[in-house]
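Colleague: Here is a sequence together with a model predicted from it:
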Amino acid sequence: MNDAVRAAVERLVPHRGGMLWLDRILECDDEGAVAEAVVRDNHPFLDGEAVPAWVGIEYMAQCIAAWAGGQALARGEPVKPGFLLGTRRYDCTRPALALGTRLRIEARRELMGDNGLGLFACRLFDGDDEIAVANVSVFEPPDPDAYLGTHAQ
């Protein structure tokens, strides 16, 4: 991935280093986001030639983070961390995601409360094949540092 593309992703998503799994943001609007990622050989959960299917939840969460980052920038605010609370009915048609798989991740906002709680309908694709679906719950607190314990003492 070239530096300009990486910078565009980092502008929207607060993850860094080996925990930033998205390669490109394809779409980002009021209703959701679409991102792309390739399962690479430096993936922190790589087990042989694949990563376990459950890591698809984190790919979905990072797509949601890109959406939240886009919303923050549109409001003239800084991008800040949010929290993956959980998922209901994560269903993946594969036991693992093979090394080199190019994923398209879609996250559509179902609801986002004023209190920072949100629910997103997410899908994971390999080409045209839908390989995973989930409803993902997130929390975007007004002051994430209060939850992360990073306030100056």
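Modeller: Received it, and whenever you're ready, just let me know what you need.
Colleague: Backbone dihedrals for Asp128, both of them.
Modeller: With angles defined as degrees, to the nearest 10, Asp128 sits at phi -90, psi 0.
Colleague: no wait, Tyr59
Modeller: Dihedral pair for Tyr59: phi -60, psi -40, per degrees, to the nearest 10.
Colleague: from what I can see it touches Phe125, true?
Modeller: No: shown here, Tyr59 and Phe125 do not form a contact pair, counting by Cβ atoms under 8 Å, at 10.8 Å. Where you see a C-beta, it was placed from the backbone N, CA and C, and this is true even at glycine.
Colleague: Overlap in contacts, those two.
Modeller: When contacts are counted by Cβ atoms under 8 Å, 6 or more residues apart in numbering, Tyr59 and Phe125 are jointly contacted by Leu103, Ile105.
Colleague: So which of those two has more stuff around it?
Modeller: Using other Cβ atoms under 10 Å, the more surrounded residue of Tyr59 and Phe125 is Tyr59, with 22 against 16.
Colleague: Could you report the separation of the more buried one from Ala107?
Modeller: Separation of Tyr59 from Ala107 (Cβ to Cβ, to the nearest Å): 10 Å.
Colleague: swap in Arg16?
Modeller: Per Cβ to Cβ, Arg16 is found 20 Å from Ala107.
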